[in-house]
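1. for reference, the sequence and a predicted model appear below.
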Amino acid sequence: MKKTIFRALAKLNKAILPSYSKRQLDLSKASKLQLAIIGWRIYITKNALEQEKTTQW
């Protein structure tokens, strides 16, 4: 259940949220909203990958 939710959220993030790495955003100059978006994307991606890794064993 968690695996499908995090994978769906990861695909949704990729489609909707901006990619700051492609824009070469400097993290020291990022606004709080940009940092929140980056943190959210990292959290979802990390959990999607962890769920996938734990189910392979």
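-> On my side now, so go ahead.

2. report the contact partners of the residue nearest the centre of the chain.
-> With distances taken as C-alpha atoms, centre = their mean, the residue of the chain nearest its centroid is R41 (2.1 Å). The contact partners of R41, by C-beta atoms under 8 Å, 6 or more residues apart in numbering, come to N13, L17. All C-beta spots, glycine's among them, are computed from the backbone N, C-alpha and C.

3. in which helix or strand would I find it?
-> Using DSSP states H and E, the element containing R41 is helix 32-56.

4. next, the buried residues of that helix.
-> Buried residues in helix 32-56, counted by 16 or more other C-beta atoms under 10 Å: I37, I38, R41, I44, N47, A48, Q51.

5. and if you look at stretch 3-11?
-> Counting neighbours by 16+ other C-beta under 10 Å, one finds that the buried residues in stretch 3-11 are F6, R7, L9, A10.

6. got it, and stretch 18-34?
-> Buried residues in stretch 18-34 (16+ other C-beta under 10 Å): Y20, L25.

7. show me the shaky parts of this structure.
-> For the chain, the stretches flagged by pLDDT under 70 are 52, 54-57.

8. let's go with 90 and repeat that
-> Within the chain, the stretches with pLDDT under 90 are 1-4, 13-14, 16-27, 48-57.

9. now do the same for L9: helix, strand or coil?
-> For L9, the assignment made with DSSP: H, G, I helix; E, B strand; the rest coil gives helix.

10. any idea how far it lies from P18?
-> Using C-beta to C-beta, to the nearest Å, we find L9 at a distance of 16 Å from P18.

11. what of I37?
-> Per C-beta to C-beta, I37 is found 7 Å from P18.

12. shared neighbours of these two, which are they?
-> With contacts defined as C-beta under 8 Å, 6+ apart, no residue is adjacent to both I37 and P18.

13. just flag the most distant two among the buried residues of stretch 3-11.
-> Based on C-beta to C-beta, the longest span within these runs between R7 and L9 and measures 7.4 Å.
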